[in-house]
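Colleague: Provide a 3D model corresponding to the input given below.
(2 chains)
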Amino acid sequence: MKQNVQMIVQYEVKNTLFSQYQEVMSNVINRLPYYDAAEINISHYNADSYKIIESFILPTESHYFALKKLRKSKKHNVFGRLDPFISGGLAKMDCWALKKQLY
Amino acid sequence: MKEISKNNIDSIDIKGFQDDLLCWFQAEQRDLPWRKDQDPYKVWVSEIMLQQTRVDTVIPYFHRFIEQFPTIKDLSEAKEEKVLKAWEGLGYYSRARNLQAAVREVHEKYGGKVPDTPKEISSLKGVGPYTAGAILSIAYGIPEPAVDGNVMRVLSRILSIWDDIAKPSTRKVFEAAVRKLISHENPSHFNQALMELGALICTPTSPSCLLCPVREHCTAFHEGTQLELPIKTKTKKQRNVQLAAAVLADNQGRILIHKRPEKGLLANLWEFPMVEINLAYVSEKEQMKDAFHTEYGAKIEIDEMTGQIEHVFSHLTWNINVYKGKIISVVKEEADLKLVTLEEIKEFPFPVSHQKMFKQFLDSKV
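Modeller: Numbers count the residues shown, from 1 in each chain, chains lettered A, B, ... in the order given. Presented below is the predicted three-dimensional model:
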């Protein structure tokens, strides 16, 4: 049976570049559905924070591994453009896959 | 902006690419009637039918065509009108006429065996580089490229080729790439796999990259440029033509039909009398009366409009107002002008737009 995976992506945006980040991020959000991502949510920890949590649902675990690789690739035409806006660059982007909900 | 003609053929793992592609094709290929055997004649018929036409549309036509003309001899000896009737509704009717002309040549010059060299096969009418490559590789296992729009799309992404695929000269770039990539052990499956990948996975607007068997070899996937490729400039805008046509019956209920000229659009197909609308005329009806009198010597009466039909060709659009009417004075029948009963009309090949007209006419009588 196919089991969905929730992908979580976390990183911190450089505070001086936040508006540029938002511009690039709108392209990222538009592109994610092409990789079968659904229920896309982008959140701050709180209003003053530049720590970002992305969450979306993928159909399989292999989608997660493939997308993780692309999201962290500087060579990617869309995802790679986030690199200059993230503290520590894409190397500091953390990704997790949640397979089962407890409650 | 990307550098034009830059491609990654030298950095690709060719063996790995072939293995991944062939493995996927052998597991996932669709069960299509022309894949049941490698009969060069059937491969040829299917490839001609598949030009500009979807697989689902072709399948029933292919079955009927092969049932009616099972061998090269049968097709070469058939009347052209019967071949056009079997092709009726599939469009691009010159394909059928060229196929029959080429099959006749194979029958007479090559003893009924489809030639197996690029030079001979390419000399046949209607056989371009794609069809030649498809027949040679699929039927004879010869490692020749078969590059169509699908294959150009797939390879433009895999190798990051930014040349404009709308330009005829670009095909050479892709043919050279296929010559380097093609499996010499199984060129038939290799070419079919590229086409199958283009049809099922590497589609024009939303490629399923995460399901793609060769994504690890694909430059566009790694660089996220799959939606920008291939580069294809827009073709010229289609021309609109305003026409009026009439389904005309005589006092015995026979219908007037006309055979189109043997050259040009929809050549040799039958139609109901039709005229291009000239805005200088007061009414379409008057113009039709004049035109049909001049062209066919017929005196007619035009009744009400039965409908409107839009038919889109690759280069122009017909907008046709369709009427029904009566023939008052007798029309002299000729080879290209006939009065036929509702039963007889079924034997004549009509383009889709005129089949629709006839249906509207029949519906209007109920």
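Colleague: Going by C-alpha atoms from here, please, whenever you check contacts or count neighbours.
Modeller: Noted.
Colleague: What residues of the helix or strand harbouring B:V58 count as buried?
Modeller: Using DSSP states H and E, B:V58 sits in helix B:55-68. Of the residues in helix B:55-68, B:V58, B:I59, B:Y61, B:F62, B:F65, B:I66 count as buried by neighbour count, 16 or more other CA atoms under 10 Å in any protein chain shown.
Colleague: need the next SSE after it, C-terminal direction.
Modeller: Note on helix B:55-68: by DSSP H and E, the next helix or strand toward the C-terminus is helix B:72-77.
Colleague: what's the domain layout of chain B?
Modeller: For chain B, automatic domain parsing gives the domain ranges B:14-223, B:239-365.
Colleague: rank those domains by mean pLDDT and give me the bottom one.
Modeller: Mean pLDDT is lowest for domain B:239-365 among those, at a mean of 88.
Colleague: how deep is residue 91 tucked in, by neighbour count?
Modeller: Answering for chain A, as no chain was given. A:A91 sits with 13 neighbouring residues when counted by other CA atoms under 10 Å in any protein chain shown.
Colleague: not quite, I wanted chain B
Modeller: If you count neighbours by other CA under 10 Å, B:G91 ends up with 17.
Colleague: I figured it hits B:P351, correct?
Modeller: Yes. Using CA atoms under 8 Å as the test, B:G91 is close enough to B:P351 to be in contact (7.3 Å).
Colleague: Now for these two: what residues contact both?
Modeller: Shared contacts of B:G91 and B:P351 (CA atoms under 8 Å, 6 or more residues apart in numbering or on different chains): none.
Colleague: wait, isn't A:N15 in contact with A:I52?
Modeller: No. If you go by CA under 8 Å, A:N15 and A:I52 don't touch, sitting 11.6 Å apart.
Colleague: Quick one: closest of the domains of chain B to chain A.
Modeller: Checking those against chain A by CA to the nearest CA gives domain B:14-223 as the closest, at 3.9 Å.
Colleague: The closest one and chain A in contact?
Modeller: Yes. Against chain A, domain B:14-223 shows contacts by CA under 8 Å from any CA of the partner chain at B:S206, B:P207, B:S208, B:C209, B:L210, B:H222, B:E223.
Colleague: dump the residue contacts of the second one.
Modeller: Taking CA under 8 Å, 6+ apart, we find B:P207 in contact with A:Y34, B:I201, B:Q226, B:L227.
Colleague: and of the residues of domain B:14-223 next to chain A, the nearest to B:L362?
Modeller: Nearest to B:L362, judged by CA to CA, of those is B:S206 at 42.1 Å.
Colleague: Pull the number of nearby residues for that closest one.
Modeller: Using other CA under 10 Å, the number of residues around B:S206 comes to 13.
Colleague: For A:E12, give its distance to chain B.
Modeller: For A:E12, the distance to chain B equals 23 Å [CA to the nearest CA, to the nearest Å].
Colleague: hey, where'd the helices end up in chain A?
Modeller: Secondary structure of chain A by DSSP state H: the helices cover A:18-31, A:61-71.
Colleague: got those helices as JSON lines, with mean pLDDT columns?
Modeller: Below are the helices of chain A laid out as JSON lines (pLDDT from 0 to 100):
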{"stretch": "helix A:18-31", "mean pLDDT": "93"}
{"stretch": "helix A:61-71", "mean pLDDT": "94"}
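Colleague: And those helices: which comes nearest B:R153?
Modeller: helix A:18-31 (19.6 Å).
Colleague: Alongside chain B, which residues does chain A contribute?
Modeller: A:Y34, A:Y35, A:H63, A:A66, A:L70, A:S73, A:K75, A:H76, A:N77, A:V78, A:F79.
Colleague: excluding its backbone neighbours, what's nearest the residue of chain A at minimum distance from chain B?
Modeller: Closest contact between chain A and chain B, by CA to the nearest CA, is at A:H76 (3.9 Å). Take A:H76 and drop its neighbours on the chain: the residue closest to it by CA to CA, 6 or more residues apart in numbering or on different chains is B:E223, 3.9 Å away.
Colleague: Next, give phi and psi for B:Y110.
Modeller: Backbone torsions of B:Y110, given as degrees, to the nearest 10, read phi -110, psi 20.
Colleague: can you give me the helices for chain B?
Modeller: Assigned by DSSP H, chain B shows helices spanning B:14-28, B:40-50, B:55-68, B:72-77, B:80-87, B:94-109, B:118-122, B:129-140, B:149-158, B:170-181, B:187-200, B:219-223, B:284-296, B:352-365.
Colleague: Same list (those) but as JSON lines, adding distance to B:K236.
Modeller: Output for the helices of chain B, formatted as JSON lines (distance: least, CA to CA, whole Å):
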{"stretch": "helix B:14-28", "distance to B:K236": "36"}
{"stretch": "helix B:40-50", "distance to B:K236": "24"}
{"stretch": "helix B:55-68", "distance to B:K236": "26"}
{"stretch": "helix B:72-77", "distance to B:K236": "36"}
{"stretch": "helix B:80-87", "distance to B:K236": "28"}
{"stretch": "helix B:94-109", "distance to B:K236": "22"}
{"stretch": "helix B:118-122", "distance to B:K236": "29"}
{"stretch": "helix B:129-140", "distance to B:K236": "23"}
{"stretch": "helix B:149-158", "distance to B:K236": "18"}
{"stretch": "helix B:170-181", "distance to B:K236": "18"}
{"stretch": "helix B:187-200", "distance to B:K236": "25"}
{"stretch": "helix B:219-223", "distance to B:K236": "28"}
{"stretch": "helix B:284-296", "distance to B:K236": "29"}
{"stretch": "helix B:352-365", "distance to B:K236": "23"}
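Colleague: Go through those helices and name the closest to A:V5.
Modeller: Distance to A:V5, taken as CA to CA, is lowest for helix B:219-223 among the helices of chain B, at 21.5 Å.
Colleague: Please work out which residues outside the closest one touch it.
Modeller: Under CA under 8 Å, 6+ apart, the answer for helix B:219-223 is A:70, A:73, A:75-77, B:8, B:157-160, B:209, B:215-216, B:226, B:229.
Colleague: got it, and stretch B:175-194?
Modeller: Residues contacting stretch B:175-194 (CA under 8 Å, 6+ apart): B:9, B:14, B:18, B:21-22, B:25-26, B:29, B:134, B:137-147, B:150-151, B:154.
Colleague: burial measure for B:P40, as a count.
Modeller: A count of neighbours around B:P40, defined by other CA under 10 Å, yields 22.
Colleague: meant to ask about B:P168
Modeller: Neighbourhood size, B:P168 [other CA under 10 Å]: 8.
Colleague: ok, now which ones touch the closest residue to B:I158 other than its chain neighbours?
Modeller: Distances taken as CA to CA, 6+ apart place B:C218 nearest to B:I158, at 4.0 Å, with adjacent residues excluded. Counting by CA under 8 Å, 6+ apart, B:C218 makes contact with B:R157, B:I158, B:L159.
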